[in-house]
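# Starting from these lines, generate the structure:
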Amino acid sequence: MSEVRIAAEPRTEFGKGAARRTRRAGKVPAVLYGHGTDPQHISLPGHDLMLALKTPNVLLRVEGLEDGSALALPKDVQRDPIKGFLEHVDLLLVKRGEKVSVSIPVNVIGDVVAGGRLVQTEVELAVEAEATQIPESVSLDIDGLEIDSQVLARDLKLPSGTTLAADEELLIVQIVDASVSTEPAGAAEEGEAEEAAAEGGESAE
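Model (predicted):
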């Protein structure tokens, strides 16, 4: 896992007004914390940070700090709910050799068996890995899985050095009969009741 270098600047103004000024300048307010240290309030270049965050669990080499530079992982990323731009980021300090708990994407590959349909109940998986060796994803090959097959968390082949942090019995995917409706019975009954009520209303008119 490669490091992405990003330049930080100290942040001395706080509050919504200060945050808006920071963002207008093309930067993102951030807090760097961990290892028992006092939180460091910094700002990061918005474009560089946006590109870096396209990689899940990206390892950042934050430069320009009082003590030089430090390794960090993004722990909480806040975005504008409408426009999607970065509003604030929390970064967790990490060290080489240190184990961290993260969630990685589950990448399903292969083709569903004829007559079957894939139902993926989990798109991410909680794992524990060395801070500088976090895998980008875990692959799940569904080739050869028959209808009614299930894959649990314990069945996944994790990359070397990565261990499962989720419940072993967690359902990841299942192959169901494509001809069978998976609509909950309650929803179907509710729909029938609404239809009957509507017909009754039309008769009354």
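# Strands of the chain, residue ranges please.
3-7, 9-10, 27-34, 37-45, 59-65, 68-79, 86-94, 99-109, 116-120, 124-130, 138-141, 150-152, 163-164, 171-177 (DSSP state E).
# For the first one, which strands pair with it and how are they oriented?
Right, strand 3-7. Here strand 3-7 has these sheet partners by DSSP bridges: strand 59-65 (parallel).
# What lies in contact with the strand it pairs with?
1-9, 32, 40, 42, 44, 52, 69-74, 91, 94, 131-132, 134 (C-beta atoms under 8 Å, 6 or more residues apart in numbering). C-beta here means a position set from N, CA and C on the backbone, and glycine is covered the same way.
# who does Leu118 bridge with?
Beta-bridge partners of Leu118, as defined by DSSP bridges: Ile175.
# Might one say that it is in contact with Ile172?
No - using C-beta atoms under 8 Å as the test, Leu118 is too far from Ile172 to be in contact (10.9 Å).
# the more surrounded of those two?
Of the pair Leu118 and Ile172, Ile172 is the one with more neighbours under other C-beta atoms under 10 Å, namely 22 against 16.
# Next one: that one from Ala129, what distance?
Noted for Ile172: a distance of 18 Å to Ala129, by C-beta to C-beta, to the nearest Å.
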